[in-house]
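Participant: next come a sequence and a model predicted from it.
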Amino acid sequence: MSVASHSLPLPVVVLACLLAFTPAPAAGRANELVSHGGYAVTREGRVLEARALDSAFVPASTIKLVTGLAALQLLGPDYRFTTTFFVKDRTLYIRGSGDPGLTSATVAAIAADLARLGLEEVGDIALDASAFALSGKADGAEGSANPYDTANGALAVNYNAVAITVGADGRILPGEEETPLLPLMTEIGRQLGPGTHRVNPDAFIDGAALSPTLRYTGELFQVMLERQGIRVGGRIIAAAVPSGLQPLHFHTSPQTVADLVRACLHYSSNFIANQLFLTCGAVSLGWPATWDKGRQALRAHIATTWPRHRRAITMVEGSGLSRRTRITPAAMLAVLHSFKPYSHLLRAKDGVPLKTGSLAGVHCYAGYFRRGADLDPFVILLNQPDNNRDPLLARLQRRHSAPRSAAVRKYQKKSSFVAGGFEEKKIMED
């Protein structure tokens, strides 16, 4: 429905506004760009142009906005993960709680802390990952060598991705300066060609005795302990901390949830997203973390935060890997409205703060156009072979910045956007 002239009688204009309950297809080139998908652009809380506003689409990684906001609100922006260390009969027990930020540099700092506490020698390194009880990987993960398919867990290092450099002569080196060469790297490197690789260890390592995730974690801790002069003389095993054992050391992550959400959005980390998703479930519903508790916690958060859209958002996991995850453009606008206080956590593309989302046949953006000091949400959810999100983004940006007629400014009040949805779902076009 278009309102293009002041010469129309006022009742006709008002009626046209009220009848425009279902968004009409956008005019012009937008229809050529979208064969299957939806989009919307807003200004001053009003929808300027939209297509398929209430149809649900696969959002890919743009759903990380929902996961990130849930973590910020359910856990709190200052929440920090804790990893706890115990010693009994020369066995060093390490109990994880899902910290996504256990990098090589962090593990080195922990080893230095343990040395300062007087730890001189250990036998076995026992890894307690019982805080997570997962029945498989995230829905949509394919088990490929790509790091975006890596497993989640209560105790994992370096985002559970292994960086390796293989020389032309077959020499195997760590792919990161801060990470030492580990036996696991040598085993994986023998299966790779020359070059620098970042891989999912599950694709290369037999996890019958010890999962690749825990083996990687244990080997890294062993080397870092030995670098601090702490002798390690036993095995790396999976074992629960004995009941009643007093902790030797609590390591509190230097990264807050706000820091982790920023990293998740900047690097589109599936691993971080699902660690946060799972932790939201555990904190809300009790440990251990499970996929089902994560889904329950997110469903409850969605119903509370966006009651008008509680049936318009379906989350199976937190990263966007699952093609069973769905969201409507209208619901994503509501998410973006709520995310505004945290918009500084987004990466900017050509000055536009946004989150990308990509799978085969899925091409998405969700973010904000700037209007002075204010931000106006927009969303593009394309589920089609052609990746036309960039030309569509350019079109929506032009539409957002274009001057509007007095009639449109006056009667767009009927389609005002509110936190939970829209007062009336209408499209007003110049």
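Facilitator: Arrived safely, thanks for sending. Numbers count the residues shown, from 1 in each chain.

Participant: can you give me the strands for the stretch 151-300 of the chain?
Facilitator: Counting by DSSP state E, counting those that start in this stretch, the stretch 151-300 of the chain has strands at residues 162-166, 172-174, 195-199, 231-232, 236-238, 249-252.

Participant: list the buried residues of stretch 359-368.
Facilitator: 359, 362, 363, 364, 365, 366, 367, 368 (16 or more other CB atoms under 10 Å). The C-beta positions use only the backbone N, C-alpha and C, and glycine is treated the same way.

Participant: and what of stretch 389-398?
Facilitator: Buried, per 16+ other CB under 10 Å, within stretch 389-398: 389, 392, 393, 395, 396, 397.

Participant: off-centre distance for it?
Facilitator: Relative to its chain's centre, stretch 389-398 lies at 24 Å (CA atoms, centre = their mean, to the nearest Å).

Participant: rebuild the strands of the stretch 151-300 of the chain as JSON lines, extending it with distance to residue 98.
Facilitator: Below are the strands of the stretch 151-300 of the chain laid out as JSON lines (distance: least, CB to CB, whole Å):
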{"stretch": "strand 162-166", "distance to residue 98": "19"}
{"stretch": "strand 172-174", "distance to residue 98": "25"}
{"stretch": "strand 195-199", "distance to residue 98": "21"}
{"stretch": "strand 231-232", "distance to residue 98": "25"}
{"stretch": "strand 236-238", "distance to residue 98": "16"}
{"stretch": "strand 249-252", "distance to residue 98": "13"}
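
Participant: deepest of those, which one?
Facilitator: strand 162-166 (a mean of 22; mean count of other CB atoms under 10 Å).

Participant: strand partners (parallel or antiparallel) of that strand?
Facilitator: Strand pairing for strand 162-166, determined by DSSP bridges: strand 172-174 (antiparallel), strand 195-199 (antiparallel).

Participant: restrict it to CA atoms and write it as PDB.
Facilitator: Only the C-alpha atoms of strand 162-166 are listed here, as PDB (Å, rounded to 0.1, in the frame of the first residue of the first chain):
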ATOM      1  CA  VAL A 162      43.800 -26.800  17.000                       C
ATOM      2  CA  ALA A 163      46.200 -24.400  15.000                       C
ATOM      3  CA  ILE A 164      48.900 -26.300  13.200                       C
ATOM      4  CA  THR A 165      51.500 -25.300  10.600                       C
ATOM      5  CA  VAL A 166      52.900 -28.000   8.300                       C
END
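
Participant: which residues touch it?
Facilitator: Outside strand 162-166, the residues that touch it by CB atoms under 8 Å, 6 or more residues apart in numbering are 172-176, 179, 184-185, 188-189, 192-201, 216.

Participant: check which helix or strand the residue nearest to residue 225 when sequence neighbours are not counted maps to.
Facilitator: In space, and not counting its chain neighbours, residue 225 is closest to residue 111: 4.9 Å by CB to CB, 6 or more residues apart in numbering. In the assignment (DSSP states H and E), residue 111 maps to helix 104-116.

Participant: I'd like the distance between residue 148 and residue 310.
Facilitator: Using CB to CB, to the nearest Å, residue 148 is found at 29 Å from residue 310.

Participant: looking at those two now, which is surrounded by more residues?
Facilitator: Using other CB atoms under 10 Å as the criterion, residue 148 and residue 310 rank with residue 148 on top: 19 against 15.

Participant: how about that one, secondary structure?
Facilitator: Three-state assignment for residue 148 (DSSP: H, G, I helix; E, B strand; the rest coil): helix.

Participant: ranges for the strands of the stretch 1-150 of the chain?
Facilitator: So, for the stretch 1-150 of the chain - with DSSP E, counting those that start in this stretch - the strands run 37-43, 46-51, 82-88, 91-95, 121-122, 125-128.

Participant: flag the shaky bits of this protein, pLDDT-wise.
Facilitator: 1-28, 404-430 (pLDDT under 70).

Participant: residues in contact with the closest residue in space to residue 81 that isn't next to it in sequence?
Facilitator: Of all residues beyond its chain neighbours, the one nearest residue 81 is residue 99 (3.5 Å), with distances taken as CB to CB, 6+ apart. Neighbour list for residue 99: 81, 82, 83, 253, 275 [criterion: CB under 8 Å, 6+ apart].

Participant: how far away is residue 99 from residue 153?
Facilitator: 11 Å.

Participant: just residue 145 next, same as before
Facilitator: When CB to CB is the yardstick, residue 145 and residue 153 sit 18 Å from each other.

Participant: higher neighbour count, those two?
Facilitator: More crowded of residue 145 and residue 153, by other CB under 10 Å: residue 153, with 22 against 18.

Participant: identify the residues contacting the nearest residue to that one once chain neighbours are set aside.
Facilitator: Once flanking residues are discounted, residue 153 sits nearest to residue 213: 4.9 Å by CB to CB, 6+ apart. By CB under 8 Å, 6+ apart, the residues touching residue 213 are 129, 151, 153, 155, 156, 160, 201, 202.
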